[in-house]
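1. kindly return the folded structure for what I paste below:
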Amino acid sequence: MDNDAIHDMFEGLGTVTIKRMFGGKGIYHQGQILALEVDGEILLKADEDSAGTFEEADSTQWVYTGKNKPVKMPYWSVPNEALDDPDEMKKWVQLAFEAALRAK
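-> Have a look, this model is predicted:
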(Lines give C-alpha, C1' and ligand atoms only; values in the text may rest on other atoms or scores of the structure.)
Protein backbone atom coordinates (compact mmCIF):
# COMPACT_ATOMS: atom_id res chain seq x y z
CA MET A 1 0.00 0.00 0.00
CA ASP A 2 1.42 3.38 -0.90
CA ASN A 3 1.89 6.14 1.66
CA ASP A 4 -0.82 8.38 0.17
CA ALA A 5 -3.42 5.64 0.67
CA ILE A 6 -2.23 5.15 4.25
CA HIS A 7 -2.46 8.89 4.95
CA ASP A 8 -6.02 8.85 3.54
CA MET A 9 -7.01 5.96 5.82
CA PHE A 10 -5.75 7.76 8.92
CA GLU A 11 -6.83 11.32 8.07
CA GLY A 12 -9.64 11.22 10.65
CA LEU A 13 -7.02 10.91 13.37
CA GLY A 14 -4.71 13.61 12.08
CA THR A 15 -1.17 13.57 10.80
CA VAL A 16 0.61 10.23 10.76
CA THR A 17 4.24 9.41 10.13
CA ILE A 18 5.16 6.32 8.15
CA LYS A 19 8.47 4.53 8.64
CA ARG A 20 9.78 1.46 6.81
CA MET A 21 10.37 -1.52 9.08
CA PHE A 22 10.85 -5.29 8.69
CA GLY A 23 9.77 -5.30 5.07
CA GLY A 24 6.61 -3.37 5.94
CA LYS A 25 5.75 -0.01 7.45
CA GLY A 26 5.10 1.34 10.92
CA ILE A 27 2.41 4.00 11.22
CA TYR A 28 2.82 6.55 14.01
CA HIS A 29 0.71 9.34 15.47
CA GLN A 30 2.18 11.75 18.02
CA GLY A 31 5.22 9.49 18.29
CA GLN A 32 3.21 6.36 19.12
CA ILE A 33 3.05 3.35 16.81
CA LEU A 34 -0.59 2.52 16.23
CA ALA A 35 -0.56 0.40 13.09
CA LEU A 36 1.53 -1.65 10.71
CA GLU A 37 1.38 -2.23 6.99
CA VAL A 38 2.36 -5.83 6.24
CA ASP A 39 2.03 -7.34 2.76
CA GLY A 40 -0.33 -4.56 1.71
CA GLU A 41 -2.65 -4.99 4.71
CA ILE A 42 -3.15 -2.44 7.48
CA LEU A 43 -3.07 -3.90 11.00
CA LEU A 44 -4.29 -1.79 13.91
CA LYS A 45 -2.86 -1.97 17.43
CA ALA A 46 -5.06 -3.45 20.14
CA ASP A 47 -4.57 -4.45 23.76
CA GLU A 48 -6.49 -6.34 26.43
CA ASP A 49 -8.99 -3.46 26.64
CA SER A 50 -9.74 -3.32 22.91
CA ALA A 51 -8.94 -6.74 21.40
CA GLY A 52 -12.45 -8.00 22.15
CA THR A 53 -13.93 -5.13 20.15
CA PHE A 54 -11.81 -6.08 17.15
CA GLU A 55 -12.78 -9.73 17.57
CA GLU A 56 -16.49 -8.84 17.70
CA ALA A 57 -16.05 -6.97 14.41
CA ASP A 58 -14.67 -10.15 12.78
CA SER A 59 -11.15 -8.75 12.55
CA THR A 60 -8.30 -11.22 12.63
CA GLN A 61 -5.29 -11.04 14.87
CA TRP A 62 -1.88 -10.99 13.21
CA VAL A 63 -0.04 -14.24 13.87
CA TYR A 64 3.34 -15.13 12.45
CA THR A 65 5.42 -18.26 12.77
CA GLY A 66 8.38 -17.76 15.05
CA LYS A 67 10.84 -20.50 16.03
CA ASN A 68 8.45 -23.28 14.95
CA LYS A 69 5.42 -21.93 16.80
CA PRO A 70 2.79 -19.29 16.12
CA VAL A 71 3.29 -15.91 17.77
CA LYS A 72 0.24 -13.68 18.32
CA MET A 73 0.94 -10.00 17.89
CA PRO A 74 -1.15 -7.13 19.30
CA TYR A 75 -2.30 -6.04 15.84
CA TRP A 76 -5.63 -6.75 14.16
CA SER A 77 -7.01 -6.37 10.64
CA VAL A 78 -9.22 -3.39 9.86
CA PRO A 79 -12.91 -4.35 10.13
CA ASN A 80 -14.52 -4.62 6.70
CA GLU A 81 -17.15 -1.97 7.41
CA ALA A 82 -14.39 0.60 8.01
CA LEU A 83 -12.63 0.09 4.68
CA ASP A 84 -15.10 2.21 2.69
CA ASP A 85 -16.41 4.48 5.44
CA PRO A 86 -14.14 7.30 6.66
CA ASP A 87 -16.25 7.89 9.79
CA GLU A 88 -16.06 4.22 10.73
CA MET A 89 -12.33 4.14 9.98
CA LYS A 90 -11.83 7.13 12.27
CA LYS A 91 -13.40 5.14 15.12
CA TRP A 92 -11.01 2.21 14.60
CA VAL A 93 -7.83 4.25 14.22
CA GLN A 94 -8.76 6.20 17.37
CA LEU A 95 -9.18 2.87 19.19
CA ALA A 96 -5.72 1.81 17.96
CA PHE A 97 -4.19 5.11 19.09
CA GLU A 98 -5.73 4.70 22.55
CA ALA A 99 -4.18 1.21 22.78
CA ALA A 100 -0.82 2.70 21.74
CA LEU A 101 -1.06 5.28 24.51
CA ARG A 102 -1.88 2.64 27.12
CA ALA A 103 1.13 0.58 25.99
CA LYS A 104 3.59 3.29 27.10
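2. please make it C-alpha for all contacts and neighbour counts, starting now.
-> OK.
3. buried sites along the longest helix along the chain?
-> Identified as the longest helix of the chain according to DSSP state H is helix 86-102. For helix 86-102, the neighbour count (16 or more other Cα atoms under 10 Å) marks 86, 89, 90, 92, 93, 94, 95, 96, 97, 98, 99, 100 as buried.
4. quick one: that helix to chain centroid distance?
-> Relative to its parent chain, helix 86-102 has a centroid offset of 8 Å by Cα atoms, centre = their mean, to the nearest Å.
5. residue 47: neighbour count?
-> 19 (other Cα atoms under 10 Å).
6. three-state assignment of it?
-> Put simply, residue 47 is coil when judged by DSSP: H, G, I helix; E, B strand; the rest coil.
7. ok, and the closest non-adjacent residue to it?
-> The shortest distance from residue 47 to any non-neighbouring residue, by Cα to Cα, 6 or more residues apart in numbering, is to residue 99 (5.8 Å).
8. phi and psi next, for the residue nearest the centre of the chain.
-> Centroid-nearest residue in the chain, with Cα atoms, centre = their mean: residue 44, separated by 1.5 Å. Taking degrees, to the nearest 10, you get phi -100, psi 140 for the backbone angles of residue 44.
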